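Novice: Need coordinates for the following:
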Amino acid sequence: MNTTLRVESFLPIAWEKQAMDPATLAALRKGAQLLMHAFNLMDLTPLYESDSEHAHTQRLDAKMDLILHLLAQSLQGSRPLPESVSVELGPEIVSWQELGTGPAVGDTVVLALYLNPGLPLPVRLPAHITASGNGRVTARLAELGDDLEEFWQQWVFRQHRRDVHAHRPGY
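Specialist: Presented below is the predicted three-dimensional model:
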């Protein structure tokens, strides 16, 4: 896997030290896989559409955006999101600026990444801490399973392409 592919972002992240028994891991994978698949599908745009299909799609998108906004408000409630920090995302790693006391090298954690600003629902991923110091923590994603790993890598790649496109001259 290409470990040089990276996306730098500023987003809410939280972590929790947690042992990974098979049932916990299966539940994490299922929830994360569902969200990552949905995020990837929401990012896709059709290549060819007639004007009437485009108008119909725009109406459906607007309705879905409204539903997601209402869902986000109900999920958020009075519970604040974690503070946004500098985060680096890769196909196999997540690295972030820790504002408090970070996890120790060797810890097994569950990362809660709030990847979609319109939906305050975290993608929860199992990881092992590989580096921690000077306020920076690096974790290697662990035991994602084939489907979740593919969805995660697709999302990271798509974000990377957007960043490259946004930084091209003339855009």
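
Novice: top helix in this protein by residue count?
Specialist: Longest helix in the chain, counting residues (DSSP state H): helix 51-76.

Novice: mind listing what's buried in that helix?
Specialist: By 16 or more other Cβ atoms under 10 Å, the buried positions in helix 51-76 come out as residue 68. C-beta coordinates here come from the backbone N, C-alpha and C atoms, glycine included.

Novice: Just the buried residues of the helix or strand containing residue 9, please?
Specialist: Assigned by DSSP states H and E, residue 9 belongs to strand 7-17. Neighbour counts over strand 7-17 (16+ other Cβ under 10 Å) mark 7, 9, 11, 12, 13, 14, 15 as buried.

Novice: And whatever helix or strand comes next after that strand, what's buried?
Specialist: Using DSSP H and E, the helix or strand that follows strand 7-17 in sequence is helix 22-43. Buried residues in helix 22-43, counting neighbours by 16+ other Cβ under 10 Å, are found at 25, 28, 29, 31, 32, 33, 35, 36, 37, 39.

Novice: can you pull the contacts of the residue most central in space within the chain?
Specialist: Geometric centre of the chain, nearest residue: residue 115, 3.9 Å, by Cα atoms, centre = their mean. Each residue near residue 115 by Cβ atoms under 8 Å, 6 or more residues apart in numbering is listed here: 11, 35, 39, 123, 155.

Novice: State the distance from it to residue 11.
Specialist: Distance check for residue 115 against residue 11: by Cβ to Cβ, to the nearest Å, it reads 7 Å.

Novice: Does residue 131 touch residue 107 like I think?
Specialist: No - with contact defined as Cβ atoms under 8 Å, residue 131 does not reach residue 107; the gap is 11.4 Å.
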